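A.B. asks: sequence and predicted model, in that order:
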Amino acid sequence: MTVLLDLEWTGDSLKSLTQLSAIRVDAAWNITAEFNALVNPGDSRLAPKNALPFGGYDIALFASGLTEKECIRKLERWLRPDDEIWVWAKSNQDFLADLWYQNAKQLRPTVLSLARSVRKCIEWDCSSMNPYGILAFLGEQTPEPE
């Protein structure tokens, strides 16, 4: 199944996860399951609530959130062995891989960057294609009927 995943973090070189959300979709792009977690990045990393990694939520929600380890292990239990995870950017892909290496126990999911596919499509000017044509161009199967 396809899993679309997004995460937010604080810091530059020393990153701390603050939010992780994912949806699983079926072949017809219907949402079949959701995963959402707020993560406590540690007291010294908590910032004003208008900072992007906190998305405007009350900082108290993060203070009582999961640890990175708890979040990744909970995500690991939520994922299925056949799930293919799509994230937006290579930076998300790399950070998720680091989190997985540090915190997960077993399952090693396939994680792909959507931005690469979008760039490929832009290079070939897919602007006149419908969404099914774009996905076919990128080598992805689409639900029937178009």
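C.D. replies: Noted; the coordinates are in hand.
A.B. asks: any idea which helix or strand carries residue 62?
C.D. replies: Taking DSSP states H and E as the criterion, residue 62 maps to helix 59-63.
A.B. asks: pull out the buried residues from that helix.
C.D. replies: Neighbour counts over helix 59-63 (16 or more other Cβ atoms under 10 Å) mark residue 62 as buried. For the C-beta atoms, the positions are set from N, CA and C on the backbone; glycine is no exception.
A.B. asks: what's the closest non-adjacent residue to residue 19?
C.D. replies: Sequence neighbours aside, residue 8 is the residue nearest to residue 19 in space, at 4.2 Å (criterion: Cβ to Cβ, 6 or more residues apart in numbering).
A.B. asks: show me what the helix of greatest length in the chain is packed against.
C.D. replies: The single longest helix within the chain, with elements called by DSSP state H, is helix 90-103. Helix 90-103 makes packing contacts with strand 2-10, helix 68-78, strand 84-87, strand 110-113 when contacts are defined by 3 or more Cβ pairs under 8 Å, 6 or more residues apart in numbering; DSSP states H and E.
A.B. asks: could you tell me the least trusted of those?
C.D. replies: Among those, strand 110-113 carries the lowest mean pLDDT, a mean of 71.
A.B. asks: tell me where the model's unsure across the chain.
C.D. replies: 12-13, 43-56, 107, 109, 113-132, 134, 142-146 (pLDDT under 70).
A.B. asks: sorry, back to before: among the helices and strands packed on helix 90-103, which is nearest residue 100?
C.D. replies: Residue 100 lies closest to helix 68-78 among the helices and strands packed on helix 90-103, at 6.4 Å (Cβ to Cβ).
A.B. asks: in the closest one, what's buried?
C.D. replies: Going by neighbour count (16+ other Cβ under 10 Å), the buried part of helix 68-78 is 68, 71, 72, 75, 76.
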